[in-house]
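In: Sequence first, then the predicted structure:
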Amino acid sequence: MIVSAASPSTDPSAGYDGFIGWVLTLMETLGEIGVGIAILLETFLPPIPSEAVLPGAGFLAYEGRMNFWLAWAAATAGALLGAWIWYVVGAALGRDRTRRLVGRIPLLDHDDFDKSEAFFQRWGGVAVLVGRCVPLVRSFISIPAGIERMSFTHFSAYTLLGSGVWNAIWIGAGYLFGPAIRPALEQWSGALSNAVVAVIAIAFVWFVVKRVRRLVRSSAGEKKSVGSDH
């Protein structure tokens, strides 16, 4: 068990309000099991940034109130369990049903699904491995893996590796820097979350504009074709 020199007990949720503060308090109350639950929740609630939650577990280990390795194992187990659930969802829906659902979503069509499927077929293992370290993506990368019936053993191995590395980095940061990480973490994690949201928003706006322009051109082409027939 990794234990630091005695230091005044500090509330890891201090400085965090709302749901993140609640999750950090959950970890402090339930210990290592709470860390696993927090990461499992993040799988289904992407707005919970693990880069803001996991250093809290490291900080508790720094103060000797939690076992570092058990916290890491619990976090990785929570990530794996969440990934398994999404994998099963993808496998249950299957390719054809998912393709039909995508085709019914406004501004999407079957070509979008086909391109995504081709991308995953080419980069499946790498996509799962790297996706575990990307906000939002790590919550849903398991769905195409389930749809494509990727080897469950390989899927689990890639998920364990990617999640294990990611969790070790952030829990380790909380442990190594101790109290010194809190001001930087509060500022940096917020900036990171905002940056991710901004990139996703820009990509979404670009996608909508591009798709609407394509639909307008397609509609204009159909009208012109109908007019020429008359």
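Out: On my side now, so go ahead. These figures come from a predicted structure and were not determined experimentally. Numbering: from 1, shown residues only.
In: Which helix or strand lies directly C-terminal to whichever helix or strand residue 56 is part of?
Out: Following DSSP states H and E, one finds residue 56 within helix 50-62. Next helix or strand after helix 50-62 toward the C-terminus (DSSP H and E): helix 68-104.
In: packing partners for that following helix?
Out: helix 32-44, helix 50-62, helix 110-131, helix 137-140, helix 142-147, helix 152-177 (3 or more CB pairs under 8 Å, 6 or more residues apart in numbering; DSSP states H and E). All C-beta spots, glycine's among them, are computed from the backbone N, C-alpha and C.
In: Lowest average confidence across those, which one?
Out: Note on the helices and strands packed on helix 68-104: helix 137-140 shows the lowest mean pLDDT, a mean of 72.
In: would you put the C-alpha positions of stretch 38-45 in CSV?
Out: Output in CSV follows, covering the C-alpha atoms of stretch 38-45 (Å, rounded to 0.1, in the frame of the first residue of the first chain):
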residue,chain,number,x,y,z
ALA,A,38,-17.4,7.0,-10.6
ILE,A,39,-15.7,5.7,-13.8
LEU,A,40,-18.6,3.4,-14.6
LEU,A,41,-20.9,6.5,-14.3
GLU,A,42,-18.6,8.4,-16.6
THR,A,43,-19.1,5.8,-19.3
PHE,A,44,-22.8,6.7,-19.4
LEU,A,45,-22.5,10.3,-18.4
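In: From residue 67, how far off is residue 87?
Out: 29 Å (CB to CB, to the nearest Å).
In: of these two, who's got more company?
Out: Counting neighbours by other CB atoms under 10 Å for residue 87 and for residue 67 shows that residue 87 has the greater number, 24 against 18.
In: What residues does that one make contact with?
Out: Counting by CB atoms under 8 Å, 6 or more residues apart in numbering, residue 87 makes contact with 142, 143, 145, 146, 152, 155.
In: one step back: highest average neighbour count across the helices and strands packed on helix 68-104?
Out: Most buried of the helices and strands packed on helix 68-104 by mean neighbour count (mean count of other CB atoms under 10 Å) is helix 50-62; its value is a mean of 26.
In: CA atoms of that one as CSV?
Out: Output of helix 50-62 as CSV, limited to C-alpha atoms (Å, rounded to 0.1, in the frame of the first residue of the first chain):
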residue,chain,number,x,y,z
SER,A,50,-12.3,11.5,-15.6
GLU,A,51,-9.4,13.9,-15.8
ALA,A,52,-11.1,15.9,-13.0
VAL,A,53,-12.2,12.9,-11.0
LEU,A,54,-9.3,10.5,-11.1
PRO,A,55,-6.7,12.9,-9.5
GLY,A,56,-9.0,13.0,-6.6
ALA,A,57,-8.4,9.3,-6.0
GLY,A,58,-4.7,9.9,-6.4
PHE,A,59,-4.9,12.7,-3.8
LEU,A,60,-6.7,10.4,-1.4
ALA,A,61,-3.9,7.9,-1.9
TYR,A,62,-1.4,10.6,-1.3
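In: That one - contacts with which helices or strands?
Out: Secondary-structure packing of helix 50-62 (3+ CB pairs under 8 Å, 6+ apart): helix 18-30, helix 32-44, helix 68-104, helix 152-177, helix 181-229.
In: To what extent is residue 83 buried, counted in neighbours?
Out: For residue 83, the neighbour count with other CB under 10 Å is 29.
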